[in-house]
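Asks: Compute the structure for the input listed below.
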Amino acid sequence: GLIYQSASGSAADGHAIIDNSGALSLTVAATAVAGAGFADASASIESGISQSAETYGDDDNAIAELTNSGTLTLAASADASGTGASAWASATGVHQYAYAETAAVTLATASISFNNVGPVGTATATAANGTYVLSATANAKADGVGGDAEATATAYSAIFQEATSLDNGDASVSITNSGSVSVLADAAATATNVGGSAEAAYAYAYAGTAFNQNARAVDEGNATVSLDNSGALTIAANADAVADGEATATATWYGGYQWATANDDHDHNAVVTFTNTGTFDLTADAEAAGGTYAYAFAFGDSAIWQGAYAENAGDPAGDASVTITNAADASITGVIAANAAAAAGSASATASIDDFLYQSAYADEGDASATITNDGSISLTVTATADAGNGDAFAGAYTDETVLHQNASSTEGSSFVTLTNNGAIDILVSASA
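Replies: Numbers count the residues shown, from 1 in each chain. Here you go, the predicted structure:
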């Protein structure tokens, strides 16, 4: 990884803090070239940045904080070329942990923040201010007789946050983005030669999550999860396979997850919020072009997934709420596209989505609420196209689950589910063969 921080206090605060206004970069690159043999290249970033803060004292705090007003780049790339070739690239992003524990009645809190600060209009502001890029790129090229090419690119867990307060304290995690955060996976596999005697190409691209937030107050505390985006959040997975024989391309994006759990908390609450005044774009594009067969698969899973749970483990439980707010001129856009073409064989293309926006709130004794307010644009496009030159063609486009899912339930309190749309919500699902 690039940076590892660990701060622990047995009777005092534990603080892990990063403040970057310059340039932080970690690039891992692998290249393999075999003129008359098999080439294999692998590149990996296991953990780009890791922060851990712990406290075991009374009235103490565990704090993990990262502020980026400069540039942060974590990139893995693999390139392989030979008669047969395999390229694999994987990159993980920022992981933040906070843990607070006390045996006394006094509070011990755990809090985490990730602040990506974009241009503010000052003389020193530039377009690069507050830029965070997590990327994985894999390219494989095979040109031998019967040679295969396989490329896999995975960019995942751009921002992971986990805060736990074990006794008598709050747990909170937050992300603020007024710059740009990008999670990019690109895989390209080519198995072709002049004589048309190369074999198969396989390309796999996986991007996401952009955020994964979890706050847990085990006893006597609030659990709070928040994300405020006024900049640009981007997730993109692109897979491209070209072969004389069989071509397979798979592209998948995973959006973001937010959890808050408050247990045994004497009317303290579990609160989850996602506020967007900027752009949130998610793209999965799978392109397969084969000679004898082509298969393309594109998939998206939960642009925003929210869960809040206020549970009774002996004391009265509080409220649980999940909220998504998409402001005027803001946008949440999902694109899932699979295109397959076979020159002299069959072609199959499948595109699907599993829960675009998902909310679940549960309270034992308090109220439970799930709220979506849209004053801007929420759009989802799921398309599949198959073109077979001399064979069967199949295209399927699906919504595997509900596009907008809201659920609120309470054992003894009230339950509220609200969708307010003053903007535009557009869903297109289309298949063509």
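Asks: Show me the beta-bridge partners of Ser90.
Replies: Beta-bridge partners recorded for Ser90 (DSSP bridges): Ser44, Thr154.
Asks: Distance of it relative to Val183?
Replies: Counting by C-beta to C-beta, to the nearest Å, the gap from Ser90 to Val183 is 13 Å. In this view, the C-beta of every residue, glycine as well, is placed from N, C-alpha and C.
Asks: again, but for Thr252
Replies: Thr252 sits at a distance of 12 Å from Val183 (criterion: C-beta to C-beta).
Asks: How about Gly146?
Replies: Here Gly146 is placed at a distance of 36 Å from Val183 (C-beta to C-beta).
Asks: same check, this time on Asn339
Replies: 22 Å.
Asks: Show me which of Thr252 and Val183 is the more surrounded one.
Replies: Higher neighbour count among Thr252 and Val183: Val183, with 31 against 21, using other C-beta atoms under 10 Å.
Asks: That one: which element?
Replies: Here Val183, judged by DSSP states H and E, is contained in strand 180-191.
Asks: What are the boundaries of the strands in the stretch 1-150 of the chain?
Replies: Taking DSSP state E, counting those that start in this stretch as the test, the strands found in the stretch 1-150 of the chain are 3-9, 14-20, 23-33, 38-45, 49-55, 61-68, 71-82, 84-100, 109-116, 131-142, 149-165.
Asks: State the mean pLDDT of the third one.
Replies: Across strand 23-33, the average pLDDT comes to 97.
Asks: Pull up the pairing partners for it, direction included.
Replies: Strand pairing for strand 23-33, determined by DSSP bridges: strand 71-82 (parallel).
Asks: what's across from Ser52 in the sheet?
Replies: Following DSSP bridges, Ser52 is listed with bridge partners Ser6, Tyr97.
Asks: thought it was touching His15?
Replies: No. Contact between Ser52 and His15 fails when scored by C-beta atoms under 8 Å: they sit 11.0 Å apart.
Asks: so what's in contact with these two at the same time?
Replies: Between them, Ser52 and His15 share the neighbouring residues Ala7, Ala64, with contact defined by C-beta atoms under 8 Å, 6 or more residues apart in numbering.
Asks: What's the local residue count around Thr411?
Replies: The tally of other residues near Thr411 (other C-beta under 10 Å) stands at 14.
Asks: from what I can see it touches Ala363, true?
Replies: Yes. In this structure, Thr411 sits in contact with Ala363. The criterion is C-beta under 8 Å, and the distance is 7.5 Å.
Asks: tell me the mean pLDDT for stretch 327-340?
Replies: Here stretch 327-340 scores 98 as its mean pLDDT.
Asks: What are the buried residues along it?
Replies: Buried residues in stretch 327-340, counted by 16 or more other C-beta atoms under 10 Å: Ala327, Ala330, Ser331, Ile332, Thr333, Gly334, Val335, Ile336, Ala337, Ala338, Asn339, Ala340.
Asks: which residues does the closest residue to the third one other than its chain neighbours form a beta bridge with?
Replies: The spatially closest residue to Ser331, leaving aside those adjacent along the chain, is Ser377, at 4.3 Å (C-beta to C-beta, 6 or more residues apart in numbering). Counting by DSSP bridges, Ser377 is bridged to Ser331, Ala424.
Asks: I'd like the distance between Ser377 and Asp329.
Replies: Between Ser377 and Asp329 the distance is 8 Å, computed by C-beta to C-beta.
Asks: What of Gly196?
Replies: Shown here: Gly196 relative to Asp329, a distance of 51 Å by C-beta to C-beta.
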